[in-house]
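J.: got a predicted model here, sequence first, then my questions.
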Amino acid sequence: QQQQQQQQQQHHQQQQQQQRRSVSESDRAAVARAAGRGASVVACCAARLYEALRAGGERRWARCGGVAAGPAALVHVQPCHHFIHIVELPSGRLSFSQELYNEVSVIVGTFFACGCTLIAEPAQFNYTVSTPFFHCFEGDAEVYGLSFADEAEAA
């Protein structure tokens, strides 16, 4: 695991040199257009999306296929939904979207048919700051990681 962290830090340093440190106003406008009407961009910064792959019982991070590095944004959609969006530039195409949810997702029992008690378990969106520049979260299908170009923007 220590070796994996060292590799992530080396890759992050290379990525910082390749990516812009901040998102321009025109890039931020492209993010807002991709988010659509009724949505507002809360925060926006340069990042690259990774997914956790399992191979031989070990987990390793790999660039998420089909998702380019670009502006990663926290987007608020009315009335009270929040998403992580990544927008591909210069096309302005929304290449990744993940809702930050906090809702009841598991229902156990059927109280109409047999009189059982209805038990609901809340599903909590888990977001972890692994390093100052690498954050992880559970998506709909995978575990994802965001590698930020600038630690200050990741905070």
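T.: Sure thing, it's come through.
J.: now the residue nearest to residue 81 when sequence neighbours are not counted: which helix or strand?
T.: Excluding its sequence neighbours, the residue lying closest to residue 81 (Cβ to Cβ, 6 or more residues apart in numbering) is residue 99, at 6.4 Å. Any C-beta I mention is one placed from the backbone N, CA and C, and that applies to glycine too. If you go by DSSP states H and E, residue 99 is part of strand 93-100.
J.: do residue 26 as well
T.: Per DSSP H and E: residue 26 is located in helix 25-35.
J.: could you point out which element follows that helix?
T.: With DSSP H and E, the next secondary element past helix 25-35 is strand 39-55.
J.: just the residues contacting the following helix or strand past that following strand, thanks.
T.: Next in sequence after strand 39-55, counting helices and strands by DSSP H and E, comes strand 58-63. Strand 58-63 is contacted from outside by 4, 8, 48-53, 145, using Cβ atoms under 8 Å, 6 or more residues apart in numbering.
J.: dump the residues you listed into a markdown table; add pLDDT as well.
T.: As requested, the contacts of strand 58-63 are arranged in a markdown table below (pLDDT from 0 to 100):
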| residue | pLDDT |
| --- | --- |
| 4 | 72 |
| 8 | 73 |
| 48 | 89 |
| 49 | 90 |
| 50 | 91 |
| 51 | 89 |
| 52 | 88 |
| 53 | 86 |
| 145 | 90 |
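J.: check the residues you listed and tell me the two furthest apart.
T.: Farthest apart among the contacts of strand 58-63 by Cβ to Cβ are 4 and 49. That separation is 17.6 Å.
J.: quick one: which of these two has more around it?
T.: residue 49 (23 against 12; other Cβ atoms under 10 Å).
J.: show me what the more buried one bridges to in the sheet.
T.: Beta-bridge pairing for residue 49 (DSSP bridges): residue 146.
J.: coming back round to it: output the contacting helices and strands for the strand holding residue 99.
T.: helix 25-35, strand 81-88 (3 or more Cβ pairs under 8 Å, 6 or more residues apart in numbering; DSSP states H and E).
J.: for it, buried residues please.
T.: 94-96, 98 (16 or more other Cβ atoms under 10 Å).
J.: spit out the contact partners of residue 95.
T.: Residue 95 neighbours (Cβ under 8 Å, 6+ apart): 66-68, 70, 86-88.
J.: distance of it from residue 75?
T.: Taken as Cβ to Cβ, to the nearest Å, the spacing of residue 95 relative to residue 75 amounts to 14 Å.
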